[in-house]
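Q: Here is the input, now give the coordinates:
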Amino acid sequence: MTESVDKPRARSGRMFPEKTITPEELARQEALDEIFDQRCQAIFERLRPELIDKYYGWYIGIEPDSGEYFLDEDSIEAHKKVLTKYPNKDNFVFCLNETGASGRI
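A: You can find the predicted model right below:
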């Protein structure tokens with residue numbers, strides 16, 4: 001009978017340590033993300049009352065710099081519509097419902 005031999009385990013750690021982000025840079029990026037989210041949320045809150053009755057359950061892709069939005073029944077298609085017109089800009093996709101959320105937790 002053969003006995004199993006314990007193999008040394010590989011040590012876990014960062015695959016690319018040169019890409020480690022400093023805590024200050026991480027905090028800066030999180031602050032910028034929060035500002036972006038708030039800008040998109042403000043546009044969504046402004047548009048929701050006029051669109052929710054006709055397009056309930058649809059998705060709205062918002063590009064906050066221009067304030068332009070795109071509607072579609074599919075979230076991926078709404079996202080693609082924004083990217084078609086603004087390929088190098090960040091955007092946000094909401095669901096047209098009471099909360100703007102598009103899933104369950």
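
Q: Quick check: pLDDT value at the nearest residue in space to Glu73 that is not next to it in sequence.
A: Sequence neighbours aside, Trp58 is the residue nearest to Glu73 in space, at 5.4 Å (criterion: C-beta to C-beta, 6 or more residues apart in numbering). For the C-beta atoms, the positions are set from N, CA and C on the backbone; glycine is no exception. Listed pLDDT for Trp58 reads 94.

Q: Trp58 and Phe70 touch, don't they?
A: No. Between Trp58 and Phe70 there is no contact under C-beta atoms under 8 Å: 10.4 Å.

Q: So for those two, which sits in the more crowded spot?
A: Phe70 (21 against 18; other C-beta atoms under 10 Å).

Q: Where does that one fall, secondary structure wise?
A: Taking DSSP states H and E as the criterion, Phe70 maps to strand 68-72.

Q: Not counting its neighbours along the chain, what's nearest Phe92?
A: Per C-beta to C-beta, 6+ apart, closest to Phe92 is Cys40, 3.8 Å.

Q: Show me what the one helix or strand the one you found maps to is packed against.
A: Cys40 is part of helix 23-51 when elements are defined by DSSP H and E. On a contact count with 3 or more C-beta pairs under 8 Å, 6 or more residues apart in numbering; DSSP states H and E, helix 23-51 meets strand 59-63, strand 68-72, strand 92-95.

Q: Those: which one's closest to Val82?
A: Closest approach to Val82 among the helices and strands packed on helix 23-51 (C-beta to C-beta): strand 59-63, 3.9 Å.

Q: who's the most centrally placed residue in the chain bridged to?
A: Centrality entry for the chain: nearest residue to the mean C-alpha point is Phe92, 6.1 Å, by C-alpha atoms, centre = their mean. Beta-bridge partners recorded for Phe92 (DSSP bridges): Ile62.

Q: just to revisit the earlier point, contacting residues around the residue nearest to Glu73?
A: Contacts for Trp58 (C-beta atoms under 8 Å, 6 or more residues apart in numbering) come out as 71-73, 78, 95-96.
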